[in-house]
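Asker: coordinates only, sequence not included:
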Ligand code: ADP
């Protein structure tokens, strides 16, 4: 029977159960599980390529349209020239940011915490990112409340923590409404550091809360596009947090705002939990 199996990687054929040999059957089970895994991976890759082509189609079509306009009228009509050049440039920039974010997503998927030795000071990174974002959005007031023990930190690449915070703060700003306020808080316990990013904007319905971490998912495509969103930010953040053994979750009420929560496992830089000599004796 084994001879008849279709060996192409896309085949759904599996090794059948053989009678009377447990060892071979165990091996077959393991092998079939591996085939399932490979197949899932292939499906995911196919889906990704499909999604990417779909996402690139719009900017390419827009650029083509403007090139045609330029070709026809651009030489004689300075207004068409200026407008089409600006629009085509904007689309090219959008494609650029899409490609950059896709690379970030791929890199996020490849992060393996066991290979990371870097110890990152969460408090310092939060303060620095708030400073940077506040500078860029002076109409917002970004408040922070950090109540973390001094000796806790995380074992993770500093860039990755920065990336996660930038994504969450950028979104909080992008999807805020009249109340231009962002609250960032952080605290820690024995196991984890919790970082909360809260906005008072449009909020997210429960159904959409399930989907916003999927790549390319946007609640309101037009609105997100208008704000330069590719629908990849949260999937990058989600994968990064996961890669470090943490969790990224959301709580939100439509019309009142959202809280994104990052939980990361802590390490203690100073060993304060060891019993002292006195308590030992
Ligand atoms: P985008 O580039 O579109 O912002 P994200 O992956 O970062 O992509 O977010 C996916 C979608 O989740 C957004 O398009 C938006 O609809 C929704 N979203 C993300 N953050 C917030 C927020 N703070 N408030 C409301 N909606 C949000």
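Answerer: Okay, I see it. These numbers come from a predicted model, not from an experiment. Numbering: from 1, shown residues only.
Asker: list the contacts for the residue in the stretch 1-150 of the chain that the ligand sits nearest to?
Answerer: Closest residue of the stretch 1-150 of the chain to the ligand, CB to the nearest ligand atom: residue 101 (7.9 Å). (Glycine included, C-beta is placed from N, CA and C.) Contacts for residue 101 were tallied using CB atoms under 8 Å, 6 or more residues apart in numbering; they are 230, 232, 233, 236.
Asker: which stretches of the chain form helices?
Answerer: 22-69, 78-110, 122-136, 158-174, 206-209, 221-226, 233-243, 277-280 (DSSP state H).
Asker: By average pLDDT, which secondary structure element in this structure comes out worst?
Answerer: Ranking every helix and strand in the chain by mean pLDDT, DSSP states H and E puts helix 277-280 at the bottom, with a mean of 44.
Asker: picking that back up, between the helices of the chain, which has the poorest mean confidence score?
Answerer: With a mean of 44, helix 277-280 has the lowest mean pLDDT of those.
Asker: Tell me which residues touch the closest residue to residue 108 other than its chain neighbours, please.
Answerer: Take residue 108 and drop its neighbours on the chain: the residue closest to it by CB to CB, 6 or more residues apart in numbering is residue 239, 4.0 Å away. By CB under 8 Å, 6+ apart, the residues touching residue 239 are 105, 108, 109, 111.
Asker: Now, of those, which are buried?
Answerer: By neighbour count, with 16 or more other CB atoms under 10 Å, those hold 105, 108, 111 as buried.
Asker: Just put these in a markdown table and tack on distance to residue 160.
Answerer: Formatted as a markdown table, these follow (distance: CB to CB, whole Å):
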| residue | distance to residue 160 |
| --- | --- |
| 105 | 13 |
| 108 | 8 |
| 111 | 7 |
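Asker: a markdown table please, covering those and showing distance to the ligand.
Answerer: Listed next are the buried ones among the contacts of residue 239 as a markdown table, based on distance: CB to the nearest ligand atom, whole Å:
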| residue | distance to the ligand |
| --- | --- |
| 105 | 10 |
| 108 | 12 |
| 111 | 18 |
